[in-house]
Every structure is written in C-alpha cells, then in structure tokens.
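**Student:** Got a predicted structure plus its sequence, pasted below:
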Amino acid sequence: MSGHDRDLVFAALGDGSRRRLLDRLRCNNGQTLTALSDGLGITRQAVAKHLKLLEQAGLVTTRHQGRVKLHFLNPVPIDAVAIRWLKEFADLPLETLVTRQK
C-alpha cells in the first residue's frame, strides 16, 4: 500500500458519517444508497458523496444488479493499514508513549 493510498484510507476513516456507513455495511453488506441513507440523519446526496470518498479509498466497492447499485465493504485497506502502520505503535510499551508526550 502506497503512502497516498494510506492517506486516503485515514482521510476516509476520519469522518464519523463515513465510519457509520462502513458499520452499516459490516452489519448488512450489499446495500443500496437508499437503504444506507435511511435513518442516518444526513441527506441522500451527502451519503452519495461519502460513499464516493469511501470508494476512492478502496473501502467500498459497488456492483450493479439490474437498475440497482449495491455497495459492499472492502476491509482489505483497513487491514493493510493496521498491519503495516498501526502495528508499529502497538509494539511500543505504553510507558514509552506516555513519557514522550510530557
């Protein structure tokens, strides 16, 4: 995963609405825009924009089924970030991190 791709994933995950969309797909994969918008508290147009950013980051893939566009969670980029970047911090003793902040 390139640095640019990693930045796209972090930017996508940095927004609460996008994280809620990913949570919805994790619980019920393969949803339409209408289903994902239902009860979210933001406009359908805003949901579409968030989904586009999630697609650009590779976190969501789509498939057309007839006239319907279905959205699917792709957890691979999250896993790649966790394994290659976050793991480096997990290996540090917590005391070291606290001491460095002071």
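**Tutor:** Yep, it's here.
**Student:** in which helix or strand would I find R63?
**Tutor:** strand 60-65 (DSSP states H and E).
**Student:** again, but for I42
**Tutor:** Under the criterion DSSP H and E, no helix or strand holds I42.
**Student:** Give the full set of residues in contact with it.
**Tutor:** By Cβ atoms under 8 Å, 6 or more residues apart in numbering, the residues touching I42 are S17. (Each C-beta comes from the backbone N, C-alpha and C, glycine too.)
**Student:** my read: D15 touches H50, true?
**Tutor:** Yes - D15 is within contact range of H50, at 7.0 Å (criterion: Cβ atoms under 8 Å).
**Student:** of the two, who's got more company?
**Tutor:** H50 (22 against 13; other Cβ atoms under 10 Å).
**Student:** Could you report the neighbour count for the spatially closest residue to that one that is not a sequence neighbour?
**Tutor:** Using Cβ to Cβ, 6 or more residues apart in numbering and skipping residues adjacent in sequence, the residue nearest H50 is R18, 4.9 Å away. Neighbours of R18 under the rule other Cβ under 10 Å: 21.
**Student:** all helices of this structure, in order?
**Tutor:** Taking DSSP state H as the test, the helices found in the chain are 3-13, 16-27, 33-37, 44-56, 76-81, 87-90, 94-101.
**Student:** where in the chain is pLDDT low?
**Tutor:** Where the chain drops to pLDDT under 70, the residues are 86, 92, 94, 96-102.
**Student:** Would you format the helices of the chain as TSV with distance to V68 included?
**Tutor:** What follows is the helices of the chain, written out as TSV (distance: least, Cβ to Cβ, whole Å):
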stretch	distance to V68
helix 3-13	24
helix 16-27	15
helix 33-37	9
helix 44-56	14
helix 76-81	24
helix 87-90	38
helix 94-101	47
